[in-house]
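Q: Sequence and predicted structure are below.
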Amino acid sequence: MDLDRLTEIAPGVLVATAEPYVTTTTVVVGPAGSCLLIDPAVTVAELTGLAASLSARGLRPVAGWSTHPHWDHVLWHPAFGPDVPRFAAPAAVAAVARERDRILKATEETAPGHDPSFIGQLTSLAAGAIPWDGPAAEIIVHSAHAPGHGAVFLPDSGVLVAGDMCSDIEMPLLDMDTADPLGDYRTGLARLAAVPGVRQVVPGHGHVGDAEEFRRRLAADTAYLDKLERPTPFDDSRITRDWLRAVHNAQLDRFRH
C-alpha cells in the first residue's frame with residue numbers, strides 16, 4: 001500500500017504502509033484540521049504522496065514524533081511544514097546527533113533524494129505526552145531496539161504505536177551496542193504490556209493487530225528472548241528475509257553459551 005492511501009484504523013487514527021520494509025506511518029487527527037504525524041516514511045515519492053493525501057483531507061501536521069533514532073524513522077518532507085516541531089525522547093535525539101553522518105548515508109543509499117536538512121531535526125521530550133492540541137498522545141520510553149525508543153499510546157482510541165516492536169513480520173531486533181540488550185528488551189516489552197486499554201497495535205514494520213494479536217506478539221517476542229538464552233539454536237517463523245536471518249544469527253552468536 002502506498003503512503004497516499006491512508007486507512008482509518010480507529011476514529012481519527014490513520015495508518016499508511018510504505019513499500020520498503022513494510023514501514024508504517026501513523027496520523028492522529030486533531031481539531032480544525034490539525035494532525036500529529038508519527039514516523040513518516042520512507043521514500044521521497046511516498047512522503048510527497050502522503051503530503052498530498054493529508055492536504056486532500058484538509059489535514060496539516062502541527063507536530064511530529066520519531067519513535068526511535070534509526071534513519072527510516074527520522075524523515076520529514078518540507079510539504080508537511082518546515083517549521084513543525086518534531087519530538088523524540090532525549091536519548092533518541094542524542095543518538096541522532098551522534099550518528100548523523102551514518103543516518104544520512106543510510107538514507108541516501110536506501111531512499112535517495114531526501115533533503116538532509118530535514119532529516120533528524122528533533123526536539124527532546126523527556127516524558128509525559130506529546131504537546132499538541134489534539135487527542136492525548138502518551139509516550140512510553142525505554143531502551144529496547146534503540147536508544148530512547150518511544151512508543152505512543154492514544155488512550156481515547158486505544159491505539160498503541162509501538163515503534164519497531166510487536167511486529168508480525170520481524171522477530172525482536174536487539175540493540176547490540178548496549179551492556180544488557182536482552183534485559184533492555186525485556187523491560188521494553190514489560191512497559192508496553194503494562195499499558196492499559198490497548199485495543200490495536202501499530203508496529204513500525206508490519207501490520208496492525210487487535211488486542212488479542214497484541215498479546216500474542218508480546219508472548220512471541222518474550223519466547224524469542226527466552227530461546228536466545230538457551231544453548232540450542234532455533235528458528236522463528238518471522239525470519240523470512242536474508243537480512244533478518246543475518247541479524248538472528250548474530251543474536252544467536254552473541255547470547256549462545
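A: It's in.
Q: The nearest residue to Phe234 once chain neighbours are set aside - how many residues pack around it?
A: Among residues not flanking Phe234 along the chain, Lys227 sits closest, at 4.7 Å (CB to CB, 6 or more residues apart in numbering). Just so you know, the C-beta spots here come from the backbone N, C-alpha and C atoms, and that holds for glycine as well. By other CB atoms under 10 Å, the residues close to Lys227 number 16.
Q: can you pull the buried residues of stretch 174-181?
A: 174-175, 181 (16 or more other CB atoms under 10 Å).
Q: okay, how far is it across that stretch, tip to tip?
A: In stretch 174-181, first residue to last residue: 6 Å (CA to CA, to the nearest Å).
Q: what does stretch 27-44 give?
A: End residues of stretch 27-44 are separated by 18 Å (CA to CA).
Q: Now that stretch: average pLDDT?
A: Across stretch 27-44, the average pLDDT comes to 97.
Q: Next, the buried residues of that stretch.
A: 27-30, 34-43.
Q: and the residue nearest to Met176 when sequence neighbours are not counted, what are its phi and psi?
A: Distances taken as CB to CB, 6+ apart place Arg254 nearest to Met176, at 6.4 Å, with adjacent residues excluded. When read as degrees, to the nearest 10, the backbone of Arg254 gives phi -70, psi -40.
Q: So Arg254 is in contact with Asp175, correct?
A: No: with contacts defined as CB atoms under 8 Å, Arg254 does not count as touching Asp175, sitting 11.4 Å away.
Q: State the distance from the closest residue to Val22 other than its chain neighbours to Ser167.
A: Leaving aside its chain neighbours, Val22 sits nearest to His205 (5.2 Å; criterion: CB to CB, 6+ apart). Distance of His205 to Ser167, given as CB to CB, to the nearest Å: 5 Å.
Q: swap in Arg98?
A: Noted for Arg98: a distance of 26 Å to Ser167, by CB to CB.
Q: sec struct for the residue nearest to Phe234, please.
A: Under DSSP: H, G, I helix; E, B strand; the rest coil, Lys227 falls in the helix class.
Q: For the stretch 1-150 of the chain, which segments are assigned as strands?
A: 7-10, 13-18, 23-29, 34-38, 60-65, 86-88, 123-124, 138-142, 149-154 (DSSP state E, counting those that start in this stretch).
Q: Which neighbouring elements make contact with the fifth one?
A: To tie it back to what came earlier, the one meant is strand 60-65. strand 34-38, strand 86-88 (3 or more CB pairs under 8 Å, 6 or more residues apart in numbering; DSSP states H and E).
Q: now swap in the second one and tell me
A: With contacts defined as 3+ CB pairs under 8 Å, 6+ apart, the packing partners of strand 13-18 are strand 7-10, strand 23-29, helix 44-56.
Q: rerun that using 6 Å as the cut-off
A: In this structure, strand 13-18 packs against strand 7-10, strand 23-29, with contacts taken as 3 or more CB pairs under 6 Å, 6 or more residues apart in numbering; DSSP states H and E.
Q: and it with strand 23-29, angle?
A: With axes from the mean of the first three to the mean of the last three CA atoms, to 10 degrees as the basis, strand 13-18 and strand 23-29 are set at 160 degrees to each other.
Q: Give me the sheet partners of strand 13-18 and which way each runs.
A: strand 7-10 (antiparallel), strand 23-29 (antiparallel) (DSSP bridges).
Q: Quick one: closest of these to His142.
A: When the strands paired with strand 13-18 are ranked by proximity to His142, the top entry is strand 23-29, at 18.6 Å, counting by CB to CB.
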